[in-house]
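**Student:** Next comes the sequence, and after it the predicted model I'd like to discuss.
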Amino acid sequence: MISPENKPHRLRNALETLAEGIITVAGITVIAALFAMLILIVREAAPLFMPAARHETGTASLPAGIRPDDVVALGVESDLRNRSRTAGIILADGRCGFATLPGEGGGEMEFSKLAGTTGGRIRRIECRAGGLYSVLWDNNILALFAMRTAFREDADGRMRSTAAFERIVEVPLDPGLGAPICAMLRGDEKSHRAVAAYPDGTIVEKSLRPGRGLLARGQGVGSERKARATWRGEVVSTALNGDGRRLYLGTDGGDIVSVDLSGDADEEIAWDTTPAFPDARPVTSMAFLNGGYALAVGDAAGEVSIWFPRRENGEFRLRRSVGWDGTGSAVRAIAASGRDRGFLALDSGGKMRWLYSTNGRDLLDVSPDGSRPAALAANARFDALLTLEGDGTLRFHRLDGFHPEAGWRGFFGRLLYEGYEEPAFVWQSTGSDASEPKLSLVPLIWGSVKAAAYALIFATPIALAAAVYLSQFTAPAWRARLKPAVEMMAAVPSVVIGFLAALWLAPLLERYAAFFAGGHPYDQRNSLVIAIAMGFAVTPTIFSLAEDAVSAVPPSLSAASLALGASRWQTVRRVVIPSASPGIFTAVMLGFGRAVGETMIVLMAAGNTPIISLSPFDGMRTLSANIAVEMPEAPVGGTLYRTLFLCAFILFVLTLIINTAAELFRHRLRRRYGRL
Amino acid sequence: MAPAAKRKRADGRIWVWLSGASLLLILAMMAIIGFLVCANSFQVLWPSRLDLVALADGSVFLGFPMNGDISPEGLPRTRYKVGNREINSGADFRWIYEQDVVKRNHPQEALVVNRMENGDFYGFLKRRTGGRNESATESPEEFRESLVDFQRRWNSLAEPPRRRLAALGDAWQENHLAFLKAEYEMRRALTPDAAEMWKANLERSIEREEAVKTESERAMSLFNAIRDEFQAETAVFATADGTEISFPLSALADVSSPNDMGWTAKAWRFAVNVWNILSQYPREANTDGGLFPALLGTVALVFLMAVTSFPLGVAAGVYLREYARDGILSRSARVAVNNLAGVPSIVYGIFGLGFFVYGMGGSIDRLLYPERVAAGISTYGGGGIIWSSLTLGLLTLPVVIVATEEALATVPSEIRHGSLALGATRFQTLCRVVLPMASPGILTGFILAMARAAGEVAPLMLTGAVKSAHSLPLDGEWPFVHVERKFMHLGFHIYDMGFQSPNVEASKPLVYLTALILLILVFVLNFAAIGLRKRMREKYAMRGF
Amino acid sequence: MENGDGPDTLIVEAENLDFHYGEKQALFGIGVGIRRGLATAFIGPSGCGKSTFLRCLNRMNDLVDGARVTGRLTLDGEDVNSPELDVIELRRRVGMVFQKPNPFPKSIYENVVYGLRIAGVRDRERLDAACERSLRRAALWEEVKDRLRESAMGLSGGQHQRLCIARAVAVRPEIILMDEPCSALDPRSTTKIEELITELKGDYTIVIVTHNMQQAARVSDRTVFFYEGKLMEEGETRRLFTSPGRRETEDYLTGRFG
């Protein structure tokens, strides 16, 4: 017997175990990595569906001697990580004060007169998102203040904050007109617009515009316009948008008067009335949403609704888009977010709701437990909230709701977007701050399915016919040469197919467009081009599997059929193809799966417009192309970023379903047909 | 033949014909693609004749006929590439109606001048001025030699300061990063000594910055002086209609007279063109110049990807086949792997972006380079060739795993038993008998996976491929392989040139050429795989009995 | 062969051996001794457990899921199923030739020296010597001595099997198990293999499983008859074939079943 060299029995076993261990670890790691991929995609998309939340972060009190009724305006700001927050309070006598949490320990708020004040008491005040306040003093001076805060981390790591109300600009109003219902100021020293409405219907606009032309020499041009509007009843709420071009007045009879201030200094001010509520419910609170287009309206029944300005037949109309049921108490205040189309609505019963306009979501009932806020303020970022209660308590809250645009309705609902005629499915992720993000996934899913379907329509008959021909009607010598040749087709990178489709095929087809499109609108990069190009890409998949399936049918079956007197073709049609149908079906399904996931061809040759259309002469945008196009510009962690991960997840699931369905079907058909 | 039988045969025949036609259609489509790509690439590389065209309205121009068709009004027309962008207000191409053409000829002295900027110029040489030996009577051939001589002189004098400037630029960049680090560490120093040390570093880097700046200025002025001197050497050309225009010799890349070339000269020129394309850097926003960085980037990417996905994929396949207990876990793993092979590549891309680039890259940056993160500079956290290759590696893993498993399955169990019966351990059996027998299948699957990955672009767009990278992922300075750098890629080049380019018409020829190179690369890999499979099958085939 | 051992010493002893494949029991209380230096044949109808028992001897059954052995089985007195026994070691001492010849897709030389290489032998001269010795023993040397480096795949079926025998012999096992070694071969090769067995016994203990009774009669010294997982009869070949003790044995030998 041979005695083994060197290695004693235990060392050899140890090495064997080590090798086995390494392979096992590598194997498990790899398989786990593949699972991890799915988990990570889900994890990045999941926050889209997390509900909004509110957390209380501290309280402060108004000093003794100051009653809540003395407070005319609130403001709040926090640092980015919400470690420190400051509340600003403006009192009716023109004094202002600040409270910061975490505080300096002890010490009451101190109040001092607003900077640069020239009047005694505050007659009217308007608060806007972003900490801007239009203050009308009792001497008819209208001033614009901004609450400015600065947060600094000092050497000990603690946050320190400084805050002040800074006066931006002042405009004197004509005292002869009496006390206005409302007075608002927009702009700054160089260019501003002051708007005031009076109980008798007078609307006054005083503006300073930057000089144009050589003669202006940097001087502003001042002007004043007046108009006379009429309304039934009394005006109980007002709203002016960010640049001061549109003023809304809400009456106690349910009407909204719209005043158009967008014209030049020499144009007339136009105004219209829209009866908002047929039952003449008073319009108790109004506010413009971010973007200056949509108007949030609260009424006496506690109902909140969103209105868009529309021009129908030359006439101005306000059109209602979405609404939320009434709470029973009149809406007292609406605070709009400076970041998105969200807003808070507070009613006189103390109930606060966080609502989002585009998709009509009720994000959160923000009412703090056990307290009834009488007034509220939020910062522009909409992550800090301040409420003032009847007993003088100031409560600070943190708001978490980072993806209000998402949600089932946001992604799949037919929504009426700002500026659109009808509710529609629209994907338009970016644009200026003024346009709202439209994140409907419906056009994208439609695009993916349409592209894949068109590709299959083109590829399936050709691939199947060719497969049957090669398998059944070709000499074996040729088959051995031609099959690999066709399979080489699969090697052509899709970027090359896409580029040829876009730069060669599309222009070529466009030449003959008139011929076969008739009068239909024709896009150069359209579904026809995609059908051919993606069909080309998918053909080898279908061909290869179908050919294998057809060739695997035992020759004895064909022999039996031929012996009974059938022709070659009849044999193929009646015997071979049905026997091979499980494999053929799988081939087509897998081809579909491949087409759904194709990116480059669609990116280059489909026009990339997310539309829903059946016409073969239109382009489309697919889920996959969408990811490729939008991802480089999406801010990390933002709604668009996470929505793209959701697109990836949908793609993942789609291909999973298609592949699994193909396998299951094949098993079923296999049992039915008995083989393959 | 009985009439009934005849009828039966006849009614099936048309379907047979149609199926055959389908097969032919498929082959025809492949042939069309090959033809299109080759023909258009050839047109770029092969020097063709330059036409001097005289039109009915008296104007003349020089140009290359590209393609002809019928205009929408039904008139035959030809598209000419006329170059001379500054004269033709930016348009490289013109449509000429055949009915307007009075005369066409091919003057021998007509020149094609490749320029560093603004594309090609077509015209005649008038004279060469400035510099040592001016000449008004040079032939194009002599001019070519003068140009080569000029370029040699220019490069030998200008190259040192140019290189110095580039090195100074790198030094400045390095210094800036060191400055950021010193500043950051100084603020966070835990002991006064450490703070002192970092403060000293900070001051040193400020000094160094000053020094670099001064030296850069000096090198710059030196370079400018040289350049001004050389700018004086100009050549004056005339367009077809006699307009004279002068260019400094430094703006010229190459000169050729296509109408004066015989077959050998043309073949030589063809070879030179091929070499230039493969070895030069791109110019003019990727519409001109060469494809070297893209080619290098593609090769480097495929190589890096192979290194990551091959060992892991084979290990996982071996594990699944040989070591995993046959239970619900291994079966579901197999199902998962099979399904993942069908997941779209863009999904892998977005995962790569989220996990590798922002996740791992971001973490590495926060850990190793926090000072850069504070300044908004990303090193690993913003896309790089390592992340792209890991993403592609993940993409090809399922394919490699499945190929490995299937290859291992073809090894008959008698062979395994025979080895074990002789006293071999499982691992020895695996290494000495099973893997060698399975290797054709494994290698074939792997090469096919690489070929597929070489053509993928979508995942790269998100993880590190860029239209223009100012440094290569592989170069001469240590550590030679810079895995955090962004890179250029042939496939991405095609996408970018074809769609994001400001001048799609001008870049089209180069796009075809890039597509051809990519196709060649992919097909070479495929053929290698098939050839390997055939050869190794013969070696290991069980013959006999 | 070690001194002091003769045809009457037992190299393998089984006592009350049961074998289960999961739920199914394949061997019932096998008790038998294999004599050193002799050729022992296992005969019986298909499925009677003879191959299963053979594979217990070198623990090749371990490769089957759910295999369970109870009872005692010893090789040279050592318990084969003891957890302390090194299986690798065991398989070097017990060689095996399979029904379907399974040469590795390597060269002839590499095939023969495979067992030595995995045992750690690297010395070229030793390997060369072992190769020649084994091939001669397998009566293959003359036919392949000029093409040792060529692929083993180029040999005929009968040569394959002789190569496998050479491969098994190269590690100098104590006992060689053969599981129907000739059933896949043509008559000429079969004859050659049978001659080989006759030559090898003496230096090696041979156990051969065969369904061919004439073959068993030709080559073996002793015969064991298995039936339905039980050991029916065991004894000297000539006696068993001419006057079997049990009725089942006689029925099998006269071809009434199996």
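**Tutor:** Cool, got the structure.

**Student:** is chain A contacted by stretch B:328-339?
**Tutor:** Yes. Residues of stretch B:328-339 contacting chain A under Cβ under 8 Å from any Cβ of the partner chain: B:333, B:336-339. Using the backbone N, CA and C atoms, a C-beta is placed for each residue, glycine as well.

**Student:** mind giving me the domain split of the chain?
**Tutor:** Chain wasn't specified; assuming chain A. A:55-134+A:147-168+A:374-400, A:443-673 (automatic domain parsing).

**Student:** Please refer instead to chain B.
**Tutor:** B:39-130+B:235-276, B:139-232, B:292-539.

**Student:** Show the end-to-end separation of the first one, please.
**Tutor:** Right, the one you point to is domain B:39-130+B:235-276. Domain B:39-130+B:235-276 has an end-to-end distance of 19 Å (Cα to Cα, to the nearest Å).

**Student:** can you list the weak-confidence ranges in chain C?
**Tutor:** For chain C, applying pLDDT under 70 flags the ranges C:1-8, C:258.

**Student:** burial measure for residue 202, as a count.
**Tutor:** Let's take chain A. A:T202 is flanked by 17 other residues according to other Cβ atoms under 10 Å in any protein chain shown.

**Student:** look at chain C instead
**Tutor:** Count around C:G202 with other Cβ under 10 Å applied: 13.

**Student:** same check, this time on B:Q500
**Tutor:** As a burial measure, B:Q500 scores 12 neighbours (other Cβ under 10 Å).

**Student:** so what's it closest to, chain neighbours aside?
**Tutor:** Nearest residue to B:Q500, sequence neighbours excluded (Cβ to Cβ, 6 or more residues apart in numbering or on different chains): B:K467, at 6.8 Å.

**Student:** ok, that neighbour - contacts?
**Tutor:** Counting by Cβ atoms under 8 Å, 6 or more residues apart in numbering or on different chains, B:K467 touches B:286, B:488, B:492-493, B:496, B:500.

**Student:** Just the residues you listed: which are in strands?
**Tutor:** Residues of those located in strands (DSSP state E): none.

**Student:** Name the member of these with the most neighbours.
**Tutor:** Neighbour tally across the contacts of B:K467 (other Cβ under 10 Å): the maximum, 30 neighbours, falls on B:H493.

**Student:** Not counting its neighbours along the chain, what's nearest it?
**Tutor:** Spatial nearest neighbour of B:H493, excluding adjacent residues (Cβ to Cβ, 6+ apart): B:A294 at 4.6 Å.

**Student:** same deal with A:V636?
**Tutor:** Excluding its sequence neighbours, the residue lying closest to A:V636 (Cβ to Cβ, 6+ apart) is B:Y358, at 5.8 Å.

**Student:** hang on, B:N526 packs against A:A490?
**Tutor:** No. At 9.0 Å, B:N526 does not count as touching A:A490 under the criterion of Cβ atoms under 8 Å.

**Student:** who does the helix or strand bottoming out on mean pLDDT in chain B touch, helix- and strand-wise?
**Tutor:** Within chain B, judged by mean pLDDT, DSSP states H and E, the helix or strand with the poorest mean is strand B:288-289; its value is a mean of 76. Packing contacts for strand B:288-289, counted by 3 or more Cβ pairs under 8 Å, 6 or more residues apart in numbering or on different chains; DSSP states H and E, involve strand B:282-283.

**Student:** For the closest residue to B:N259 other than its chain neighbours, give me phi and psi.
**Tutor:** Excluding the flanking residues, the one nearest B:N259 by Cβ to Cβ, 6+ apart is B:H106, at 4.6 Å. Main-chain torsions, B:H106, degrees, to the nearest 10: phi -130, psi 80.

**Student:** Measure how buried C:K106 is and give me the count.
**Tutor:** Neighbourhood size, C:K106 [other Cβ under 10 Å]: 19.

**Student:** can you tell me which residues contact it?
**Tutor:** Contacts of C:K106 (Cβ under 8 Å, 6+ apart): B:436, C:114, C:151-152.

**Student:** any idea how far the residue nearest to B:N259 lies from chain C?
**Tutor:** Distance, B:H106 to chain C, by Cβ to the nearest Cβ, to the nearest Å: 64 Å.

**Student:** Repeat that for A:R95.
**Tutor:** Separation of A:R95 from chain C (Cβ to the nearest Cβ): 87 Å.

**Student:** Repeat that for A:V629.
**Tutor:** From A:V629 to chain C the distance is 52 Å (Cβ to the nearest Cβ).

**Student:** Start from the N-terminal end of the stretch 1-150 of chain C and give the helices.
**Tutor:** C:50-57, C:87-93, C:108-118, C:124-137, C:141-144 (DSSP state H, counting those that start in this stretch).

**Student:** want to throw the ones you listed into CSV with distance to C:Q215 and mean neighbour count?
**Tutor:** Below are those laid out as CSV (distance: least, Cβ to Cβ, whole Å; neighbours: other Cβ atoms under 10 Å in any protein chain shown):
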stretch, distance to C:Q215, mean neighbour count
helix C:50-57, 14, 23
helix C:87-93, 26, 20
helix C:108-118, 25, 23
helix C:124-137, 20, 17
helix C:141-144, 23, 15
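
**Student:** Just send these back as JSON lines, with distance to B:T514 too.
**Tutor:** Shown next, in JSON lines, are those (distance: least, Cβ to Cβ, whole Å):
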{"stretch": "helix C:50-57", "distance to B:T514": "62"}
{"stretch": "helix C:87-93", "distance to B:T514": "57"}
{"stretch": "helix C:108-118", "distance to B:T514": "48"}
{"stretch": "helix C:124-137", "distance to B:T514": "54"}
{"stretch": "helix C:141-144", "distance to B:T514": "56"}
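
**Student:** who wins for proximity to B:G63 among these?
**Tutor:** Smallest distance to B:G63 across the helices of the stretch 1-150 of chain C (Cβ to Cβ): 69.0 Å, for helix C:108-118.

**Student:** Which residue ranges of the stretch 501-650 of chain A form helices?
**Tutor:** Shown for the stretch 501-650 of chain A, the helices assigned by DSSP H, counting those that start in this stretch span residues A:506-511, A:513-517, A:527-551, A:555-563, A:568-571, A:577-597, A:600-605, A:623-630, A:639-673.

**Student:** Give me the most central residue, chain C.
**Tutor:** C:L177 (1.1 Å; Cα atoms, centre = their mean).

**Student:** What's the first helix or strand after the helix or strand harbouring that one?
**Tutor:** Element membership of C:L177 [criterion: DSSP states H and E] is strand C:175-179. Once strand C:175-179 ends, the next helix or strand along the chain (criterion: DSSP H and E) is helix C:187-200.

**Student:** still on that earlier bit, and among the domains of chain B, the most buried is which?
**Tutor:** domain B:292-539 (a mean of 21; mean count of other Cβ atoms under 10 Å in any protein chain shown).

**Student:** pLDDT averaged over it, what's the number?
**Tutor:** Averaging the model's pLDDT scores along domain B:292-539 yields 87.

**Student:** how far is it from where the chain is centred?
**Tutor:** Distance of domain B:292-539 from its chain centroid, counting by Cα atoms, centre = their mean, to the nearest Å, is 17 Å.
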